[in-house]
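1. next comes the sequence, and after it the predicted model I'd like to discuss.
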Amino acid sequence: MIGGRARTDAPGGHLIVSNPADLSHTIAEALVGDAGTLVEAARVARIAQPAWAAVPAPVRGRAIQQFGRLVEDNVEALSALITREIGKPIRESRGEVQEVVDTCNFFLGEGRRLYGQTVPSEMPDKQLFTFRVPVGVATIVTAGNFPVAVPSWYLVPALLCGNAVVWKPAEYTPATAEAFTQLLLHAGFPEGIVNMVLAAGPATFDGLERALDEGLIDKVGFTGSTEVGRRIGELTGRHLQTPCLELGGKNPLVVMPDADLDLAVEGALFSGFGTAGQRCTSLGTAIVHASVHDDFVARFDAATRGAAIGDPTRNVLYGPMISRRFCDRFEDWLELVGPRHTLRGSTGTGRITAENPREGFVGNPDSGLYYHPTIVDGITIEDDLYRTETFGPIVGVARFDDFDEAIALANGHGYGLSSSIYTTNPLHAFRYRERISAGMVSVNNSTSGAEAHLPFGGNGKSGNGSRQSGVWVLDQFTRWQSMNWDYSGRLQRAQMDVADIVATEYRLSDDWPDLLDAP
């Protein structure tokens, strides 16, 4: 959808998307663009953007408000579409759509709070100011595990700040992308301000390169793998741009000896297996003190075995893998399990089928892309499985003897997105906060979960320090501009024509310390 109109050609080919929970059900037949399509969208956005930037920010906020209300009016339809297209349990889909509404509600107010500052000058009859100005055209590339929530984290603030956007959603979520774009287009944004291009990864990268070379893009936002994030960082760096990168995670959950183990297990279950472990904030390794390790593992195993898995339209912990493309990779990650590891959590491993059943499965396992939850006990810092981000229902468990060892395990893989510690001792919580490399820390809560008014993002292999959500994301989609206004009627030169303040020499009496001894 470019310039407010749907394209009818398909230079990148056609794509058929099936429901991962029921592969016999086709969700969408999509037209796919190519590199030239993305360049064309960026060119249209470049032409349209100055007029949108000239609209007062509080008025731009009204468009954000109207978009949020449209989403709110379509919660059930949009949630059901997400569940059908990627197999996310319906309760989680509703929560994701609510995240879009929350983001709009927050940024409506920011349209009246794009604050600059007045700064005192060192000279008389002169004033200094700072202003936020839009960057221009932002191209946003997002993954499909959160097909509306994560795009809203980019698109809503970018549009509010006066930018035009080109959004490249995951190609395996075309129906959700079209619905989301239609809601945006009906919110009141002018033609050319919101553009959506469905394209494969290589074509997207080629399109970004061409559009950057032509000076059509001013900002790139990307949510996806660390490997691709590195390439985008290199590409934008050649143009002296800094991208907004939200990348992978190997998120630790530390269980101290004083932890509430039932609460820790509840957090690990949701962190590790919610959305079938297909979140960037999913639990990677539970790092458990040796004194409670066996008890924790026994409880975690029982809770995982007892969890309902299957049909995402019903009350289940998780449904299928979101796309066929992730199944083969998940099988590869299972190959990282070694002979010294102990597997727990289910009645089998790998894909759930009638021949490889999951006890208590909800629905027909042969209809979709369902996988057993897998707990791998005995993880050490030398294991490939410890260092590798896994995108699926697999959680490692490691043990530690002292706090320094726990921190080494929590940081040693090089990722730094989300983290958690379970403890009843405030000292442990604050020491963990000081030493963990992650950009986000939870105490007695899961590694997953974001709120619209808190910064979201990671460090190390999880991102380049950029942050989404809250006021912090405004720095991604605006640039600071300073202005000085001299109304003195003469040239005043900074650092040279500054009034001098002269002090006179004065020294306290040497007897002054003796006065301290006086009665």
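-> Good, I have the coordinates.

2. would you mark the buried spots in the longest helix along the chain?
-> In the chain, with assignment by DSSP state H, the single longest helix is helix 90-110. For helix 90-110, burial by neighbour count (16 or more other CB atoms under 10 Å) applies to 90, 92-94, 96-108, 110. For glycine as for every other residue, the C-beta is placed from the backbone atoms N, C-alpha and C.

3. how far off centre is the lengthiest strand in the chain?
-> Longest strand of the chain, by residue count under DSSP state E: strand 22-32. Centre-to-centre, strand 22-32 and its host chain are 26 Å apart (CA atoms, centre = their mean, to the nearest Å).

4. next one: stretch 248-265
-> Relative to the centre of its chain, stretch 248-265 is centred 21 Å away, using CA atoms, centre = their mean.

5. equivalent analysis for stretch 99-118, please.
-> When distances are taken as CA atoms, centre = their mean, stretch 99-118 is centred 19 Å away from the chain's centroid.

6. how long is that stretch end to end?
-> For stretch 99-118, the first and last residues are 34 Å from each other (CA to CA, to the nearest Å).

7. now Pro134: phi and psi?
-> phi -60, psi 150 (degrees, to the nearest 10).

8. per-residue confidence for it?
-> Looking at Pro134, its pLDDT reads 98.

9. which SS class is the residue nearest to Thr478 when sequence neighbours are not counted?
-> Nearest residue to Thr478, sequence neighbours excluded (CB to CB, 6 or more residues apart in numbering): Arg132, at 3.9 Å. State at Arg132, reduced to three classes by DSSP: H, G, I helix; E, B strand; the rest coil: strand.

10. show me where the stretch 1-150 of the chain has its strands.
-> 13-19, 22-32, 117-120, 126-134, 137-141 (DSSP state E, counting those that start in this stretch).

11. returning to that earlier point: the longest helix of the chain - contacts with which helices or strands?
-> helix 57-73, helix 75-86, helix 149-160 (3 or more CB pairs under 8 Å, 6 or more residues apart in numbering; DSSP states H and E).

12. name the helices or strands packed onto the helix or strand where Ile407 lies?
-> Ile407 belongs to helix 403-411 when assigned by DSSP states H and E. For helix 403-411, the elements it packs on are strand 251-255, strand 283-289, strand 394-400, helix 426-435, judged by 3+ CB pairs under 8 Å, 6+ apart.

13. okay, these in TSV with distance to Val337 next?
-> TSV is the format used below for the helices and strands packed on helix 403-411 (distance: least, CB to CB, whole Å):
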stretch	distance to Val337
strand 251-255	19
strand 283-289	14
strand 394-400	9
helix 426-435	28
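
14. what would the ones you listed look like in a markdown table with mean neighbour count and mean pLDDT?
-> Shown next, in a markdown table, are the helices and strands packed on helix 403-411 (neighbours: other CB atoms under 10 Å; pLDDT from 0 to 100):
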| stretch | mean neighbour count | mean pLDDT |
| --- | --- | --- |
| strand 251-255 | 29 | 98 |
| strand 283-289 | 27 | 98 |
| strand 394-400 | 25 | 98 |
| helix 426-435 | 14 | 98 |
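
15. looking at these, which is closest to Phe180?
-> Closest of the helices and strands packed on helix 403-411 to Phe180 is strand 251-255, at 26.9 Å (criterion: CB to CB).

16. partner strands of that closest one and their direction?
-> Using DSSP bridges, strand 251-255 pairs in its sheet with strand 283-289 (parallel), strand 418-422 (parallel).
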